[in-house]
Every structure is written in C-alpha cells, then in structure tokens.
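Student: Could you look at this predicted model? Sequence included:
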Amino acid sequence: MKVKARYIFIAFSVLVLYLYFNGYRFTPRQAAKAHSFLERDAQLVSEVDVGWGYAYIYKVPDYYLTVMATKRGFLWRAPFSSHTKGINDKNDKIRMIGWMSCTNSEKEKATILVIENKDENVVFIEAGKETQRNKKNVENGELVTFVWDEALFVHDIKPIALSKDNRELYRYGYPLGTRTFRDKDLKWYSIK
C-alpha cells in the first residue's frame, strides 16, 4: 500500500510541477505575471476584461507589453502577448500602449486597443469598422480603451484622434505612401 501511495504522490507532484512551469495559475493576474516575456520590473498599467479572458497592459522601462490570460479548466494561463518594443514613439503626444487581436481555443475572439493621450488638443478617440465606429472622450494624461468581440486588424478599425470640434489631429497606421510595412513604423501620425 505504501508503494502505491508513493507513486500517486510522485505522479501528482509531476503534474503540479508541469502545470506550474507551463504558466498555469489560479487567477488571471497570476498567470499574466508568470508570462515568459514579462520582466520583473514591469508595472501594471491597465486591466481589460474581454469576457473569456483578461488583458493586462504592463509598462516595462522601454516599451509596453500586453498579455492575455485565458481560462483552461479551473486554471488560468497567459499564452498570448504583444509589445511596442522598437516603435519610436516615446516622445509622441499620443501612443498606442496596448494592442492585441486574438482568438482562443473555443474560437472566441477579441481585439483590444489601449491609447495613452498626452495632447491637450485631443478630446476624442474614434475607432472601429466603417459602419460601427466608437467614439470615446479622453483627457490629457488619460488612457482610453476599446474592446471588440471579433478579431480585427489596424486597417479594419482605423483609429483617429479628434479635437473638440471633431477635426482630425492624428491617425494610427503606417506612413502615407509607404510600400514597406515595418512594425516599428506602426504608430500615430499627425494630420496636417
């Protein structure tokens, strides 16, 4: 009987270690903190509930990291992430700090957009598909969050920043007239 109990204990221990080292945790925030790309000095900036999971936006010294935690059985895991590393927008007045478009194993979809505004002339951010545009108020120094229950791309939602008189001030995307699409060029551009 002792031998059987020992094998059960060993099998249980191996299972627990496997789950732990593969990032499974009891809460979504713990799972996000266990994400392999998250640095120790990262600071949580925003948390977004998408219904079937949670997105956490972390500020790391040189960039932002978005981590998506999803539920698997009774445990949580954070298999998805995106970052702003390499984008030269540190001195820009408006920045995309969180962006993710993903689908989970049950085919549930979500797109998350988190924008930081430091321009006092920007009063609204508008984004969404042509027939379903969302317009949100944003003040200087605030974050604004958009969530859709479908997987969308930047060219689908065309984010723009507006003044109080609805004049377009910035657009999010690639430089106009470019034929080379690099991640580092995907940012907010002033509309003259």
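Tutor: Yes, it's here.

Student: Would you mind pulling the contact partners of the helix or strand of the chain with the lowest mean pLDDT?
Tutor: None of the helices or strands of the chain scores lower by mean pLDDT, DSSP states H and E than helix 2-21, at a mean of 80. Contact with helix 2-21 is made by L75, as judged by CB atoms under 8 Å, 6 or more residues apart in numbering. (Each C-beta comes from the backbone N, C-alpha and C, glycine too.)

Student: how about whatever helix or strand comes next after it: buried residues?
Tutor: From helix 2-21 onward toward the C-terminus, using DSSP states H and E, the following helix or strand is helix 28-33. Judged by neighbour count using 16 or more other CB atoms under 10 Å, the buried positions of helix 28-33 are 28-29, 31-33.

Student: Could you do stretch 129-138 as well?
Tutor: With burial defined by 16+ other CB under 10 Å, the residues of stretch 129-138 counted as buried are 134, 138.

Student: Can I get that stretch in PDB, CA atoms only?
Tutor: Included here for stretch 129-138 are C-alpha records, laid out as PDB according to Å, rounded to 0.1, in the frame of the first residue of the first chain:
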ATOM      1  CA  LYS A 129     -15.200  49.300 -38.600                       C
ATOM      2  CA  GLU A 130     -16.700  51.800 -41.000                       C
ATOM      3  CA  THR A 131     -20.300  51.100 -40.100                       C
ATOM      4  CA  GLN A 132     -19.600  50.600 -36.300                       C
ATOM      5  CA  ARG A 133     -17.300  53.500 -35.200                       C
ATOM      6  CA  ASN A 134     -16.900  54.000 -31.500                       C
ATOM      7  CA  LYS A 135     -16.000  57.500 -30.200                       C
ATOM      8  CA  LYS A 136     -14.700  58.000 -26.700                       C
ATOM      9  CA  ASN A 137     -13.800  61.000 -24.700                       C
ATOM     10  CA  VAL A 138     -10.200  61.200 -23.500                       C
END
